[in-house]
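>>> predicted model and sequence below, questions to follow.
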Amino acid sequence: MTSFNVIRWIVWKDFVTELRSRETISSMVFFALIVILIFSFSFSMDQQAAREVIAGIMWVAFAFTGIIGLGKSFSTELQNDCLEALQMVPEAKGAIYLGKVAANFAFMFLVEILLFPMFVILFNLEVVEEISLLLLVFFLATVGLSAIGTLFSALTVQIRAREVMLPILLLPLVVPVMIAAVEATKGALNGDPLAMYEQWLELLVIYDVVFTVVSFWMFEFVMDS
Amino acid sequence: MTIHRVIRKVQRFEGWFGGGAVLCLVAGLYLGLIGSPPDYYQGEVVRIMYIHVPLAHTSLLGYTVLAVGSLWYLWKRDPIVDNMCQAVAALSAVFTALALGTGMIWGKPTWDTWWTWDARLTSFTVLLLILIGYLMLRTFVDDPEKEARYGAILAIVGFVDLPIIHFSVEWWRTLHQPQSISMRGVSISSGLLVPLLFMSVGMSLLFSYMLMVRTQLLYLDRLLHAKKGRLLSQFHLSKFDS
């Protein structure tokens, strides 16, 4: 089995598990809906106010649901000692990391695509023509979140209080992603010219590259036992 | 184990670090509080700078030591390096919290607010959160080897993240005065600079001294636990024999 096959099999395995149990994606979507509901109670918003804060609400919901998905990504491997089986894969551990990142990215991105229309409807957003730019922002930010999140999902899975420790460790580290994603989403939703929020997209690209490389390297040490 | 010997050798001079720290801090405080003129704009308020700026410098220095130590640990797996990492993380967290606290006290008269989401304040807060997360993570792992390894991974990822956090928050908003001492030269009068340098050196020496003491303490603690474990198992085995 080559490393590429390891990646493919892990993605396939996660998708099949998800198709059979339908646990992760459904819990992510419902959790996000509850977050939206709570936010709409907390701020009584007219359309003008909604335009100002909607990007922030969106990314809070996406980050929280992402953490649910990331937490499940490795905690399901604890059943039947699957984690030890993964550690025994003879190929480089980085292949497991890339497979898990791909699966986590796919779940999170799918949930974001499902949720976006709900934001549009529930907050009476005007549908913008720049939908491709918005998708680019979602894509880049989700790559960053899943790249670093997968590393910490694997790291926290074998410690006590893992459900608490994952967000505590992850959220301070993804501050740049959150700032850049919120600012870029705000720009894309308002239909601002690209030059106004181009720097945030660049920041996202830099973050994605840096943390895919660093996490890929550090993952070897997480799985090492 | 060479690094082990180096650390033990440096630790023999820890008294010099402590003494130097006391001398520098006393000189710096005398010059800063009594010897130096008040600032033209800020008046007497500026004197908190002699505490605030050295604390901030030292906590960043501490985080650098933590990152280097963590890399070294992942490379060599030397337990005493991990003891040093644990010690330096706790000290850095304390220094960062103190830097934030003195900054808030300084901010009240000069910016007329205790807190503002300015770039450097925000990145220091994130730094403090990462350090606290590091310390919490260590308490939640049972196996000491795993504890050291996971801590090192978090420290390295956080260290790579810090400049990115700083730039992102800087683009987001900025109010803080630009650094007075930078690569481009010094933009601060020498009357204020001399006590600041004394305080910076003194604070770094104090930090090193505390680091050595605490590293030794953690090292001995681990040794004690190992000894205790061995004695207990001998005791149980002897009971089992009879």
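The structure has been received and is ready for your questions. Numbering: from 1, shown residues only, chains lettered A, B, ... in the order given.

>>> for the chain, which spans come out with low pLDDT?
The chain I'm using is chain A. A:1, A:127-129, A:225 (pLDDT under 70).

>>> you answered for a different chain; I wanted chain B.
Within chain B, the ranges that satisfy pLDDT under 70 run B:1, B:40, B:174-189, B:240-242.

>>> swap the cut-off to 50 and go again
For chain B, the stretches with pLDDT under 50 are B:175, B:183-184.

>>> so where do the helices sit in it?
B:2-11, B:14-30, B:49-76, B:79-111, B:119-139, B:144-172, B:190-241 (DSSP state H).

>>> of all those, which lies closest to residue A:54?
Smallest distance to residue A:54 across those (Cβ to Cβ): 18.0 Å, for helix B:144-172. C-betas here are computed from N, CA, C, even on glycine.

>>> a markdown table please, covering the helices of chain B and showing mean neighbour count and distance to chain A.
Output for the helices of chain B, formatted as a markdown table (neighbours: other Cβ atoms under 10 Å in any protein chain shown; distance: least, Cβ to the nearest Cβ, whole Å):
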| stretch | mean neighbour count | distance to chain A |
| --- | --- | --- |
| helix B:2-11 | 13 | 19 |
| helix B:14-30 | 17 | 31 |
| helix B:49-76 | 21 | 6 |
| helix B:79-111 | 20 | 13 |
| helix B:119-139 | 20 | 4 |
| helix B:144-172 | 20 | 4 |
| helix B:190-241 | 15 | 19 |
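
>>> could I get these as TSV with distance to residue A:198?
Converted to TSV, these look like this (distance: least, Cβ to Cβ, whole Å):
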stretch	distance to residue A:198
helix B:2-11	46
helix B:14-30	46
helix B:49-76	30
helix B:79-111	31
helix B:119-139	20
helix B:144-172	12
helix B:190-241	39
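
>>> how about these, which one is nearest residue A:36?
Closest approach to residue A:36 among these is made by helix B:144-172 (24.7 Å; Cβ to Cβ).

>>> distance from the chain centre to that closest one, please.
Relative to its parent chain, helix B:144-172 has a centroid offset of 14 Å by Cα atoms, centre = their mean, to the nearest Å.

>>> who are the packing partners of that helix?
Packing partners of helix B:144-172 (3 or more Cβ pairs under 8 Å, 6 or more residues apart in numbering or on different chains; DSSP states H and E): helix A:131-156, helix A:162-173, helix A:175-190, helix A:194-223, helix B:49-76, helix B:79-111, helix B:119-139.

>>> between the ones you listed, which gets nearest to residue B:194?
Among those, helix B:49-76 sits nearest to residue B:194 (Cβ to Cβ), with 10.4 Å.

>>> okay, the angle between that closest one and helix B:190-241?
Orientation check (axes from the mean of the first three to the mean of the last three Cα atoms, to 10 degrees): helix B:49-76 against helix B:190-241 gives 40 degrees.

>>> for helix B:49-76, packing partners?
Judged by 3+ Cβ pairs under 8 Å, 6+ apart, the packing partners of helix B:49-76 are helix B:79-111, helix B:119-139, helix B:144-172, helix B:190-241.

>>> can you do 6 Å?
Judged by 3 or more Cβ pairs under 6 Å, 6 or more residues apart in numbering or on different chains; DSSP states H and E, helix B:49-76 is in contact with helix B:79-111, helix B:144-172, helix B:190-241.

>>> circling back: tell me which of the helices and strands packed on helix B:144-172 lies nearest to residue B:202.
Using Cβ to Cβ, these put helix B:49-76 closest to residue B:202, at 7.3 Å.

>>> closest one to residue A:73 among the helices of chain B?
It is, among those and with distance given as Cβ to Cβ, helix B:144-172, at 17.2 Å.

>>> any idea of the angle that closest one forms with helix A:175-190?
40 degrees.

>>> write out the residues of chain A neighbouring chain B.
A:155, A:159-161, A:168-169, A:172-173, A:175-176, A:179, A:203, A:214, A:218, A:221 (Cβ under 6 Å from any Cβ of the partner chain).

>>> how close does residue B:87 get to residue B:215?
5 Å (Cβ to Cβ, to the nearest Å).

>>> could you find the closest non-adjacent residue to the residue nearest to the spatial centre of chain B?
Of all residues in chain B, the one closest to the mean position by Cα atoms, centre = their mean is residue B:92, 2.5 Å from it. In space, residue B:92 comes closest to residue B:62 once its chain neighbours are excluded; the distance is 3.5 Å by Cβ to Cβ, 6 or more residues apart in numbering or on different chains.

>>> isn't that neighbour up against residue B:88?
Yes. Assessed by Cβ atoms under 6 Å, residue B:62 is found in contact with residue B:88 at 5.3 Å.

>>> now do the contacts for the residue nearest to residue B:166 when sequence neighbours are not counted.
Closest residue to residue B:166 apart from its sequence neighbours, by Cβ to Cβ, 6+ apart: residue B:123 at 4.5 Å. The contact partners of residue B:123, by Cβ atoms under 6 Å, 6 or more residues apart in numbering or on different chains, come to B:165-166, B:169.

>>> look up how far residue B:163 lies from residue B:123.
Taken as Cβ to Cβ, the span from residue B:123 to residue B:163 is 9 Å.

>>> again, but for residue A:82
Taking Cβ to Cβ, one finds residue A:82 at 37 Å from residue B:163.

>>> just residue A:174 next, same as before
Distance from residue A:174 to residue B:163, by Cβ to Cβ: 15 Å.

>>> and if you look at residue B:16?
34 Å.

>>> quick one: residue B:112 and chain A, what's the gap?
26 Å (Cβ to the nearest Cβ, to the nearest Å).

>>> any idea how many residues pack against the closest residue to residue B:168 other than its chain neighbours?
Spatial nearest neighbour of residue B:168, excluding adjacent residues (Cβ to Cβ, 6+ apart): residue A:176 at 3.8 Å. For residue A:176, the neighbour count with other Cβ atoms under 10 Å in any protein chain shown is 27.

>>> and if you look at residue A:149?
Neighbours of residue A:149 under the rule other Cβ under 10 Å: 31.

>>> the closest residue to it other than its chain neighbours: neighbouring residues, count only.
In space, residue A:149 comes closest to residue A:70 once its chain neighbours are excluded; the distance is 4.2 Å by Cβ to Cβ, 6+ apart. Neighbour count for residue A:70, taken as other Cβ under 10 Å: 28.

>>> residue A:70: which element?
Assigned by DSSP states H and E, residue A:70 belongs to helix A:47-75.

>>> how about that helix: buried residues?
Neighbour counts using 16 or more other Cβ atoms under 10 Å in any protein chain shown place A:50-51, A:54-75 of helix A:47-75 among the buried residues.
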